[in-house]
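In: Pasting the sequence and the predicted model now:
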Amino acid sequence: MARRERVTRMSVEQPLWRALTAYRLLTMLYAIGLFVTAQDRFDRPWVAIGYFVVLVVWTLATLPRVANAASCTKRFLTADLIVALAGILLTPVAVEHSRIVAGGPTLPSIWTAGAVLAYAVKGGWRWAAFASLLVGVANVVQRGAFSRDTLHNVLLVCIASIAIGYVVEVARASERTLARALEIEAATRERERLARDIHDGVLQVLAMVQRRGTALGGEAAELGRMAGEQEVALRTLVAGGLVPASRASEDASQGALVRAVEEPDDLPGTSTPCDLRSLLAPHAGARVSFAEPGAPVFVPPVAAKELAAAVSAALDNVRRHAGADARSWILVEDEPDAVIVTVRDDGPGIPEGRLAQAEGEGRLGVAQSIRGRLRDIGGTAELISVPGQGTEVELRVPKISRGKAGSGR
């Protein structure tokens, strides 16, 4: 099965674009309503009618332009602001001066704020401050003097647009930070998965070559020494990081883009639960006893695969550290809320602090091949060891593992 790529788009600013679209439509209707209710006060109503025809056509034709940041170009923003400023400056031509002095609205009225808010959502608070400054100058010019009402209206639009622009900038920065964190988390999980696979295969082979070569001596000893050096180098890579994080976002204006790559599952019948007993039974042998329930133990395929791999890692640790004569026992328990697999041996046990020391040396058999696998499928791994009394590893997977068991990640 080929790899699948899932793209998640996160954009907190997209609702702002939808709100801006609705705002432009509603304020266009509001401006027209103001004109209809007070058209008898206009000296030149045909000027207002001509402007409103342009405003309606422009607003409806440019709705796709305010649908998202990519469509809202600088050229559009400039033209949109010109339409707003033209309406403000045409107000003294259409309306008698006494109405303007009395605080009457301009031709576009509050539609002008939509043009300023488009600057804020697109470019942040600096763009918003620039647009609101031009609107303020146009209001002073059409009024012919600087008044308290003009100052109040200009400050209201300026403060609101700058605040929205600042919030948009903070939201975009937060999206980039979140995307970066998700990329790092995904890369870390991939590194841990590779570390498990490498530990289960390559590192153990290199360690075996080192031991056998040292025991044989001669040229084999030199081969063993080289294998030991490569083992140390590979463990350093595993512990330090194998997969670099990719770019956090392809297009910040569109929101953060996070790609999650799902590994294909090589188990047959991946869409149906798998009987865990069939995967663990092959471990039974002369020195490994296997105890299972009489009924099938069904778990999701990915969880079954990871459980079987964790059991294999635990048995490998027994063979490597407890000696060839050590015996092991595998017990499978199917409880109502969880599946529990216990691996116990009669070896010498693990000295206190040895696991932490091994992890610091880059030996990640327990940390990744056992605990890491269980953590990835929503389960837990507990290790109990008393020097001289053997070691017991308890692997527990909930029947519902927080959605991870079925997803493969």
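Out: On my side now, so go ahead.
In: For the stretch 201-350 of the chain, which segments count as helices?
Out: Here the stretch 201-350 of the chain has its helices, by DSSP state H, counting those that start in this stretch, at 204-216, 219-240, 276-280, 301-321.
In: Reformat those as TSV; add mean neighbour count and distance to residue 345.
Out: Every C-beta, even on glycine, is put in place using the N, C-alpha and C of the backbone. Shown next, in TSV, are those (neighbours: other C-beta atoms under 10 Å; distance: least, C-beta to C-beta, whole Å):
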stretch	mean neighbour count	distance to residue 345
helix 204-216	16	18
helix 219-240	15	24
helix 276-280	19	16
helix 301-321	21	5
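In: which stretch in the ones you listed is the model least sure about?
Out: Among these, helix 219-240 has the lowest mean pLDDT, at a mean of 69.
In: between the helices of the stretch 201-350 of the chain, which one is nearest to residue 334?
Out: helix 276-280 (8.5 Å; C-beta to C-beta).
In: Can you name the residues in contact with the closest one?
Out: Under the contact criterion C-beta atoms under 8 Å, 6 or more residues apart in numbering, helix 276-280 has outside partners 290, 292-293, 296-299, 304-305, 307-308, 311, 330, 332, 339, 341.
In: how does it look with 10 Å?
Out: With C-beta atoms under 10 Å, 6 or more residues apart in numbering as the test, helix 276-280 has contacts from 267, 290, 292-299, 301, 303-305, 307-309, 311-312, 330, 332, 334, 339, 341, 343, 397.
In: wait, doesn't residue 24 sit right on residue 80?
Out: Yes: contact criterion C-beta atoms under 10 Å: residue 24 and residue 80 qualify, at 9.2 Å.
In: what residues are shared contacts of the two?
Out: With C-beta under 10 Å, 6+ apart as the test, residue 24 and residue 80 both reach 58, 59, 62, 66, 114, 115, 118.
In: Out of the helices of the stretch 201-350 of the chain, which is closest to residue 143?
Out: Nearest of the helices of the stretch 201-350 of the chain (C-beta to C-beta): helix 219-240, 67.5 Å.
In: Output the below-cut-off pLDDT ranges for this structure.
Out: By pLDDT under 70, the low-scoring segments of the chain are 1-12, 101-103, 146-147, 149-150, 191-204, 231-271, 351, 353-368, 400-409.
In: I'd like the next helix or strand past the host helix or strand of residue 76.
Out: For residue 76, the host element (DSSP states H and E) is helix 74-94. Using DSSP H and E, the helix or strand that follows helix 74-94 in sequence is helix 97-101.
In: Please report the distance of the nearest residue to residue 48 once chain neighbours are set aside from residue 173.
Out: The shortest distance from residue 48 to any non-neighbouring residue, by C-beta to C-beta, 6 or more residues apart in numbering, is to residue 94 (4.4 Å). Distance from residue 94 to residue 173, counting by C-beta to C-beta, to the nearest Å: 44 Å.
In: Next step: the shared contacts of residue 24 and residue 80 restricted to helices.
Out: 58, 59, 114, 115, 118 (DSSP state H).
In: Give me the PyMOL select line for these, limited to the buried ones.
Out: Buried members of these can be picked out in PyMOL with the line below, counting by 16 or more other C-beta atoms under 10 Å:
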select buried, resi 59+114+115+118
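In: JSON lines please, covering the ones in helices among the shared contacts of residue 24 and residue 80 and showing distance to residue 375.
Out: Listed next are those as JSON lines, based on distance: C-beta to C-beta, whole Å:
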{"residue": "58", "distance to residue 375": "57"}
{"residue": "59", "distance to residue 375": "54"}
{"residue": "114", "distance to residue 375": "50"}
{"residue": "115", "distance to residue 375": "52"}
{"residue": "118", "distance to residue 375": "47"}
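In: okay, among the ones in helices among the shared contacts of residue 24 and residue 80, which ones form the most distant pair?
Out: Greatest spatial distance among those (C-beta to C-beta): 58 and 118, at 12.8 Å.
In: Need the overlap of contacts for those two.
Out: Residues touching both residue 58 and residue 118 (C-beta under 10 Å, 6+ apart): 24, 80, 84.
In: which parts of the helix or strand containing residue 24 are buried?
Out: Using DSSP H and E, residue 24 maps to helix 14-37. Under the neighbour-count criterion of 16+ other C-beta under 10 Å, helix 14-37 has 14, 16-17, 20-21, 23-24, 27-28, 31-32, 34-35 buried.
In: ok, of those residues, which one's closest to residue 169?
Out: Closest approach to residue 169 among the buried residues of helix 14-37 (C-beta to C-beta): residue 16, at 12.2 Å.
In: Quick check: the closest one touching residue 167?
Out: Yes: between residue 16 and residue 167 there is a contact under C-beta under 10 Å: 8.7 Å.
In: Please enumerate the shared neighbours of the two.
Out: Joint contacts of residue 16 and residue 167 (C-beta under 10 Å, 6+ apart) are 120, 121.
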